[in-house]
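**Q** sequence unavailable; structure follows:
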């Protein structure tokens, strides 16, 4: 296990096209998170899963965004009808879930999206 | 509202100088605070968390609930400390809320 893997690393698309990103978390981690990061900003929370259940979704996430984790392992983040404002780095992270809290997130390298 | 504020976008120091990266938070409950670091061309990674009360790479951070701060400190900066530093808060749910980050530049 080499950590959290994200694919593709870079995606260039035209406005209006759909894109999908994939994240493979650390195998024993049952929590998976998606963040978005734009230039000069910190990571911004999008959504997270515990196993296959989507537990929280940011209000910033429009209806064009959807995330799934069908078998509680890998996850996909799809953006429909992309807009130039969607250009960002999309980060995936995973963590074990510990009742006592203080779960540490392990991040992937990110998927950079450029919408022309 | 849950918020993390890092007032400095850039902090430049010379090697051997003390460093303090500021972080203030807004949270109504009992927070969990973290510092994450991103070195050039590397992934975002955990540096330290307040509950561990640990020193990592010479860095320490003390949670001050009265001032709602969690400043990151190091007495003698090294060139290899140059990186982006993000303060993060875990609030009511399990997500982390990040600040905008501070770029630390350590000159030789």
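**A** All right, it came through fine. It should be emphasised that the depicted structure is a prediction, and the values quoted were computed from it without experimental measurement.

**Q** neighbours around residue 27, how many?
**A** Using chain A here. 9 (other CB atoms under 10 Å in any protein chain shown). All C-beta atoms are positioned from the backbone trio N, CA, C, and that covers glycine.

**Q** nope, chain B please
**A** Counted by other CB under 10 Å, the residues lying close to residue B:27 total 19.

**Q** where does it land on pLDDT?
**A** As predicted, residue B:27 sits at a pLDDT of 90.

**Q** which ones are touching the closest residue to it other than its chain neighbours?
**A** Distance criterion CB to CB, 6 or more residues apart in numbering or on different chains; nearest residue to residue B:27, sequence neighbours excluded, is residue B:2 at 5.3 Å. Contact analysis of residue B:2 by CB atoms under 8 Å, 6 or more residues apart in numbering or on different chains lists B:25-27, B:89, B:91-92, B:97.

**Q** let's see 10 Å
**A** B:25-29, B:31, B:89-93, B:95, B:97 (CB atoms under 10 Å, 6 or more residues apart in numbering or on different chains).

**Q** ranges for the strands of chain A?
**A** A:5-7, A:10-13, A:19-24, A:31-37, A:44-50, A:53-57, A:65-68, A:75-79, A:88-95, A:106-107, A:111-115 (DSSP state E).

**Q** what do you get for chain B?
**A** B:3-5, B:10-14, B:19-21, B:24-26, B:32-38, B:45-49, B:60-61, B:72-74, B:83-90, B:96-98, B:102-107.
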